[in-house]
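Novice: structure of the sequence below:
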Amino acid sequence: MRRTDNPTAQCLSAIAARGLFALFATTGALHASVPVPTDIIPEHIPGAKPRNVVFILSDDHRYDAMSFLGHQFAKTPVMDSLAANGAYVKNALVTTSLCSPSRASILTGLYTFRHRVIDNNRAIPPGTVYFPQYLQKAGVSTCFIGKWHMGGASDEPQPGWDHWVSFRGQGEYLPPNPDYTLNVDGKRVKQKGYITGELTDYAIDWLKKQKPAEKPFCLYLSHKAVHANFTPEPKYENSLKDLKFERPATEASTPDNLLQPRWLRDQRNSWHGVDFPYHSELNIERYYKRYCEALRSVDDSIGRVIQQLKDMGVYDETLIIYMGDNGFMFGEHGLIDKRVAYETSMRVPMLVQCPELIKGGIVVPEMVANIDVAPTIMEAMGLKKPAHMDGESFLPLAEGKEIKWRDHFLYVYYWEKNFPQTPTTFAIRSDRYKYITYYGLWDADEFYDIQKDPEESKNLRYDPAHQAQARQMENKLYKMMNRFGGMEIPLNQPVSGSNNIRLRNRGGEKTSDFPPPMVVDEPTNTDAN
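Specialist: Here you go, the predicted model:
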């Protein structure tokens, strides 16, 4: 057996308000939360020696877009070397496939419904606590560089960081005007050029000033890339344009996928669908290739940071973690972008390296998530995981150790008025099955055997042979939601307009047919008199 969630985490629930967590009733029981503390008190692991940590985050990097996995045109030699010399986390997942909620889970160690950063627009709830606050209190030198994006209107320094370099919202690949600025420790500094390289310059400049023999450091390098609109560095522009492109098999609209939810088939002709992508005539092939061209600069960035660690003589002892904040689709299920609970949306790349701890070539099959990053970094720093966090340290897994671990993982997404095609989504995933349900819709749920059907092309929810297993997964979903405090839907006033138009010549005046199991030829209720 692998380790189940820490017993202290089994009481977790409730929502943050002014730095405290309340009691609230869930189905059939009253659960007391482990409060998010108002006082930050790091607790040291006896006898543990803090090591340096470098955490590198990219944006929208889907799980399979690395060349060592045989991707059709991604070129990632440095990421390939991380996998060869360290550990590749095969089933890395996010709690919500959306920038701000995922980043909040990384920084807090909490599920989305607990930290309540549920979309990309709203400000961070008061009382939010980030793991670097514990590091800072424990004497670690901390640095944040790059995309923050929780509360898109501000780039002001956040708690827990000794050094801060950021920008508002999504940032820009290239300065849009001569006066465009970054925020460097609260001061406006002009962006000079291509953002991926410039953020890396800031990171290396900060590393050069560190004295790890006197004080351990934690660098959090958070790239804008590879967020749309994808803009490759000039040296990589069109470098992949002539490579062969194979469209995903699940993109085709055929009778075989009639068991897909009706909302999903309607979404094809929408902002996030292949028939009307971003309400444009976007070329999906060119779009995908430019994405991978922009990714090449992220790969270069990792290599530059690694070389700096070697120059400092701390490469072997430093823990490096690389991951994406969520996945991205280029035609899978007829969609583009993210948000949904399919594998290409909720799975991300994750690579872990530390020569002193991790042997090369380790593959971690367990479900490791963004909520596990904070506890992992804290353990590497010689600190215990705070009791209020939902995640666990996966460092022993990366070391190849046999430990108990989670056997199911929750996924949530909350409907956004500005992107209304994707409904509120709750999903549960095991190492074999996935159950997805949509709150408030008269539509089809989904159940997949992801081992036999990794592309999630055959919805088994209405297959008589799978009814018992599907029901079991549905029950497990709500049991876990209850246990972790997810049985209330966060409700906030919507922000901004609504991307709700359809293209007429792609059936914009029509709706999709209902899934066949939902359509009957005879009345089924004989008691209505």
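
Novice: can we go C-alpha only for contacts and neighbour counts from here?
Specialist: OK.

Novice: so for whichever strand or helix holds Gln472, what gets flagged as buried?
Specialist: Assigned by DSSP states H and E, Gln472 belongs to helix 467-484. Buried residues in helix 467-484, counting neighbours by 16 or more other Cα atoms under 10 Å, are found at Ala470, Met473, Glu474, Lys476, Leu477, Tyr478, Met480, Met481, Asn482, Arg483, Phe484.

Novice: can you pull the contacts of the residue nearest to Pro515 when sequence neighbours are not counted?
Specialist: Nearest residue to Pro515, sequence neighbours excluded (Cα to Cα, 6 or more residues apart in numbering): Leu259, at 5.1 Å. Contact analysis of Leu259 by Cα atoms under 8 Å, 6 or more residues apart in numbering lists Ala444, Lys458, Asn459, Pro515, Pro516.

Novice: how far away from the center of its chain is the helix holding Gln472?
Specialist: 22 Å (Cα atoms, centre = their mean, to the nearest Å).

Novice: begin at 379 from here
Specialist: Yep, numbering from 379; the last one is helix 845-862 now.

Novice: what is it packed up against?
Specialist: Judged by 3 or more Cα pairs under 8 Å, 6 or more residues apart in numbering; DSSP states H and E, helix 845-862 is in contact with strand 787-791, strand 803-807, strand 811-816.

Novice: right, and the ones you listed - which one's nearest Val898?
Specialist: Of all the helices and strands packed on helix 845-862, it is strand 811-816 that lies closest to Val898, at 21.7 Å by Cα to Cα.

Novice: relative to strand 803-807, how tilted is the closest one?
Specialist: 170 degrees (axes from the mean of the first three to the mean of the last three Cα atoms, to 10 degrees).

Novice: please pull up the helix or strand immediately following strand 811-816.
Specialist: The first helix or strand that comes after strand 811-816 along the chain, using DSSP H and E, is strand 824-827.

Novice: adjacent strands (with direction) for that following strand?
Specialist: Using DSSP bridges, the strands paired with strand 824-827 are strand 811-816 (antiparallel).

Novice: what's the average pLDDT for the partner strand?
Specialist: Mean pLDDT, strand 811-816: 98.

Novice: count of neighbours near Lys453?
Specialist: A count of nearby residues for Lys453, using other Cα atoms under 10 Å, gives 20.

Novice: that one reaches Ala672, doesn't it?
Specialist: No. In this structure Lys453 lies outside contact range of Ala672 using Cα atoms under 8 Å: 10.4 Å.

Novice: show me what contacts Tyr791?
Specialist: Tyr791 makes contacts with Thr474, Ser475, Ile496, Arg717, Val718, Pro801, Thr802, Thr803, Phe804, as judged by Cα under 8 Å, 6+ apart.

Novice: in this structure, which helix is the longest?
Specialist: Secondary structure of the chain per DSSP state H: the longest helix is helix 662-690.

Novice: give the next helix or strand downstream of that one.
Specialist: Next in sequence after helix 662-690, counting helices and strands by DSSP H and E, comes strand 697-702.

Novice: mind listing what the closest residue in space to Asn878 that isn't next to it in sequence touches?
Specialist: Nearest-residue entry for Asn878: Pro798, 6.6 Å, with adjacent residues in sequence omitted and distances by Cα to Cα, 6+ apart. Contact analysis of Pro798 by Cα under 8 Å, 6+ apart lists Ser876, Asn877, Asn878.
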